[in-house]
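Peer 1: Sequence first, then the predicted structure, then my questions.
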There are 2 protein chains.
Amino acid sequence: MAVFTQVSDVALKAFLKAYDVGTVVSFKGIAEGAENTNYLLRTTKSTYILTLYEKRTRLSDLPYYLSIMEHLAGSGLPCPLPIKDKDGIALKQLSGRSACLISFLEGVSVAGINAEHCGAVGDMLAQMHLSMANFPAKLANAQSIQTWADLTEQITDQADALEAGLSDLIKDELVYLEANWPKNLPMGTIHADLFPDNVLFTGDKITGVIDFYFACTDFMAYDLAVCINAWAFDENHIFQPARAKRMFERYDILRQFTGDELSALPILCRGAALRFLLTRLYDWQNQIEGAMVEVKDPLDYAKRLKFHQTVRDAADYVF
Amino acid sequence: MAVFTQVSDVALKAFLKAYDVGTVVSFKGIAEGAENTNYLLRTTKSTYILTLYEKRTRLSDLPYYLSIMEHLAGSGLPCPLPIKDKDGIALKQLSGRSACLISFLEGVSVAGINAEHCGAVGDMLAQMHLSMANFPAKLANAQSIQTWADLTEQITDQADALEAGLSDLIKDELVYLEANWPKNLPMGTIHADLFPDNVLFTGDKITGVIDFYFACTDFMAYDLAVCINAWAFDENHIFQPARAKRMFERYDILRQFTGDELSALPILCRGAALRFLLTRLYDWQNQIEGAMVEVKDPLDYAKRLKFHQTVRDAADYVF
């Protein structure tokens, strides 16, 4: 949400000398992405995003994320393409940070989400999963179920201060999920954070999928569960079945859900709700003063979790 | 430096219906301007800045600022043009704020300032003063010498905590300036805040002058004194005579300084240094936690003031 690292015109000019991207027309810091610094750069040749990776991004995983973007953009999907310099290098250094010049994608994030948008997201998610089938690199999910017990221990002491009973809700849910989490669903490279902020639309058409910095190897059906949480609830956190149905249908046309995946969908939705409840609670309790980062309300995900707990089977989501 | 007010795609679409600017291609909050929210909007027709005026901007003065921009852009100067809607209205409401769509200007702010840049600034400043000669509206300078005694009273108690002797420096300077401030110099409409942040260059050519929200009616020579303070000192706050000389020469070619203005230049430079020292000290002492606004070091202007106090006459700046 902010420009953490300033890049002067002099530093920019020196940086761009290594590239074949024309000369600078304009250069503006943009309020995008919670964790990194992003500039919108227009040159005589094209428009780009220049990302400087701040402390919270694990530098050792950057080559993995960049190669996913390159793979997806290479498949013709509207994903940012890391731009290589004249020596063929995409991941560089600038102003004391790891940095990457990335292609710019048109479109805007939508706030007034409708079923059409959700259908487009389901379709795009399936396209991405299919495209990644022959992608060789693997990365464990750093926010997987294996990490939730640790997080729970760190945050439950103060959770009830936010809402009475929240601590028990979380602990009981974790016991249930650990006992019932599926084991043998189809794995793949997933986005794992495909929230409305990270999808750009032009009309009802997706023209950009961005922010691959949580991508990892995990159940593909879990990626859809994240999307159901992110897209199929309205601004009052009420489940909108028409949105989930449309998202699932469009996904399922391109990559058919197995019977096991379908049975597991309710628990995956519960897991995804708990994952965002936990990390939001952690961020809520560990706000850095003046950090210029918008902290999101954890209770949005407590409400979703409580809804998912009332679901009997996948039919409640998708039929 | 931040997006204080969020504008959703739905609100934006409704807002743009009143305009003849095409449809949205992209829309990004930008980290520009210390006090207002700015978005960079690209449509099928052109590129624009959308400004939402936050609390610190005096709403009653907005029509004055917008008419200055319109006047200067109408004279062919590279100034932002407020875009009117289909009813001919430029100042509108959006997301609970006064808002204005403004033409986008190419170029980047320069950090590696050289004498060529300063010459271009002098030339542009004179062009602006000449263009404003037939502009009828007047607005008193809200940061004029008449306001400095009040500010001094508010900040000197804590000034010495920042640097020993700072309080006396300010109080003594104020006594001197109040006794010696010129009275009958040529007045005009001035920018009053033409810092490097507010000038966009493409190479050595100015392609944008922005941020007219301190514009007012005051001595034209004072505007040059502000620019000397802002542009003619290096990053260690050491005066660079070649920069000031070039700036003055290019200004003087277009609008010749009178003898009185030339004699007054040293005291005007002292005044401009004190003005920014005072307002920066005030902002320093009144930082709002989490306000996401970069607070600038007041001592940069104490150093400038001390330099100006050593100057004998205008020749030290301009010959």
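Peer 2: Noted; the coordinates are in hand.

Peer 1: Going by C-alpha atoms from here, please, whenever you check contacts or count neighbours.
Peer 2: Noted.

Peer 1: Now the element after the helix or strand harbouring A:Asp123, going C-ward?
Peer 2: For A:Asp123, the host element (DSSP states H and E) is helix A:115-131. For helix A:115-131, the following helix or strand on the C-terminal side (DSSP H and E) is helix A:148-162.

Peer 1: pLDDT (mean, whole number) over that next one?
Peer 2: Confidence for helix A:148-162, expressed as mean pLDDT, is 92.

Peer 1: any idea which helix or strand comes after it?
Peer 2: Towards the C-terminus, the helix or strand next in line after helix A:148-162, according to DSSP H and E, is helix A:166-180.

Peer 1: Dump that next one to PDB, restricted to CA.
Peer 2: Provided in PDB are the C-alpha atoms of helix A:166-180 (Å, rounded to 0.1, in the frame of the first residue of the first chain):
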ATOM      1  CA  LEU A 166     -13.000 -16.400  19.000                       C
ATOM      2  CA  SER A 167     -10.100 -18.400  20.700                       C
ATOM      3  CA  ASP A 168     -12.300 -21.500  21.200                       C
ATOM      4  CA  LEU A 169     -13.700 -21.200  17.700                       C
ATOM      5  CA  ILE A 170     -10.100 -21.300  16.300                       C
ATOM      6  CA  LYS A 171      -8.800 -24.100  18.600                       C
ATOM      7  CA  ASP A 172     -11.800 -26.400  18.000                       C
ATOM      8  CA  GLU A 173     -11.700 -25.800  14.300                       C
ATOM      9  CA  LEU A 174      -8.000 -26.600  14.200                       C
ATOM     10  CA  VAL A 175      -8.600 -29.900  16.000                       C
ATOM     11  CA  TYR A 176     -11.400 -30.800  13.500                       C
ATOM     12  CA  LEU A 177      -9.300 -29.800  10.500                       C
ATOM     13  CA  GLU A 178      -6.200 -31.700  11.600                       C
ATOM     14  CA  ALA A 179      -8.300 -34.900  12.200                       C
ATOM     15  CA  ASN A 180     -10.100 -34.600   8.900                       C
END
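
Peer 1: Could you list the buried residues of it?
Peer 2: Going by neighbour count (16 or more other C-alpha atoms under 10 Å in any protein chain shown), the buried part of helix A:166-180 is A:Leu166, A:Ser167, A:Leu169, A:Ile170, A:Lys171, A:Glu173, A:Leu174, A:Leu177.

Peer 1: what's the closest non-adjacent residue to the spatially most central residue of chain A?
Peer 2: Per C-alpha atoms, centre = their mean, the C-alpha nearest to the average position across chain A is that of A:Asp193, at 2.0 Å. Distances taken as C-alpha to C-alpha, 6 or more residues apart in numbering or on different chains place A:Phe214 nearest to A:Asp193, at 6.3 Å, with adjacent residues excluded.

Peer 1: same thing with A:Tyr213?
Peer 2: Nearest non-adjacent residue to A:Tyr213, counting by C-alpha to C-alpha, 6+ apart: A:Tyr65, 6.1 Å away.

Peer 1: That neighbour touches A:Thr217, doesn't it?
Peer 2: No - contact criterion C-alpha atoms under 8 Å: A:Tyr65 and A:Thr217 do not qualify, at 11.6 Å.

Peer 1: neighbour-wise, which of those two wins?
Peer 2: Applying other C-alpha atoms under 10 Å in any protein chain shown to A:Tyr65 and A:Thr217 shows that A:Tyr65 carries more neighbours, namely 20 against 17.

Peer 1: Tell me who's in contact with that one.
Peer 2: A:Tyr65 sits next to A:Phe212, A:Tyr213, A:Ala215 when contact means C-alpha atoms under 8 Å, 6 or more residues apart in numbering or on different chains.

Peer 1: out of these, who's nearest B:Ala14?
Peer 2: A:Phe212 (31.1 Å; C-alpha to C-alpha).

Peer 1: Report pLDDT for that closest one.
Peer 2: We have a pLDDT of 96 for A:Phe212.

Peer 1: Could you verify my assumption that it touches A:His71?
Peer 2: No - the criterion here is C-alpha under 8 Å, and A:Phe212 misses it with A:His71 at 11.9 Å.

Peer 1: Any residues of chain A in contact with chain B? List them.
Peer 2: Applying C-alpha under 8 Å from any C-alpha of the partner chain, one finds that chain A approaches chain B through A:1-3, A:8-10, A:24-32, A:106-112, A:202, A:289-292.

Peer 1: could you give me the average pLDDT of the longest helix along chain A?
Peer 2: Criterion DSSP state H: the longest helix present in chain A is helix A:259-285. Average pLDDT, helix A:259-285: 96.

Peer 1: Other residues contacting the helix or strand just after it?
Peer 2: Per DSSP H and E, the first helix or strand lying C-terminal to helix A:259-285 is helix A:299-309. Contacts of helix A:299-309 from elsewhere in the structure, counted by C-alpha under 8 Å, 6+ apart, are A:166, A:229, A:233, A:237-239, A:266, A:269-270, A:273-274, A:276-277.

Peer 1: and those residues, which are buried?
Peer 2: Buried members of the contacts of helix A:299-309, scored by 16+ other C-alpha under 10 Å, are A:Leu166, A:Asn229, A:Phe233, A:His237, A:Phe239, A:Pro266, A:Cys269, A:Arg270, A:Ala273, A:Leu274, A:Phe276, A:Leu277.

Peer 1: Could you list the low-pLDDT ranges of chain A?
Peer 2: Across chain A, residues meeting the criterion (pLDDT under 70) sit at A:1, A:34, A:288-294.

Peer 1: ok so, going back, which one among the buried residues of helix A:166-180 gets closest to chain B?
Peer 2: Using C-alpha to the nearest C-alpha, A:Leu166 is the member of the buried residues of helix A:166-180 that sits closest to chain B, with 27.5 Å.

Peer 1: Leaving out the residues flanking it, which one is nearest to that closest one?
Peer 2: A:Asp160 (5.3 Å).

Peer 1: now swap in A:Ala149 and tell me
Peer 2: In space, A:Ala149 is closest to A:Leu174, 7.2 Å off (C-alpha to C-alpha, 6+ apart).

Peer 1: distance of the one you found from A:Ala272?
Peer 2: 12 Å (C-alpha to C-alpha, to the nearest Å).

Peer 1: quick one on the thing from earlier: from the residues of chain A next to chain B, which ones fall inside strands?
Peer 2: Per DSSP state E, strands hold the following members of the residues of chain A next to chain B: A:Val24, A:Val25, A:Ser26, A:Phe27, A:Lys28, A:Gly29, A:Ile30, A:Thr202.

Peer 1: List just the nearest of the residues you listed to A:Arg97.
Peer 2: Nearest to A:Arg97, judged by C-alpha to C-alpha, of those is A:Gly29 at 15.4 Å.

Peer 1: Next, the residue nearest to the closest one when sequence neighbours are not counted: secondary structure please.
Peer 2: Nearest non-adjacent residue to A:Gly29, counting by C-alpha to C-alpha, 6+ apart: A:Tyr39, 4.2 Å away. When classified by DSSP: H, G, I helix; E, B strand; the rest coil, A:Tyr39 comes out as strand.

Peer 1: cool, A:Phe214 as well?
Peer 2: A:Phe214 ends up coil, using three-state DSSP.

Peer 1: Show the contacting residues for it.
Peer 2: Neighbours of A:Phe214 in contact, by C-alpha under 8 Å, 6+ apart: A:Asn141, A:Ala142, A:His191, A:Ala192, A:Asp193.
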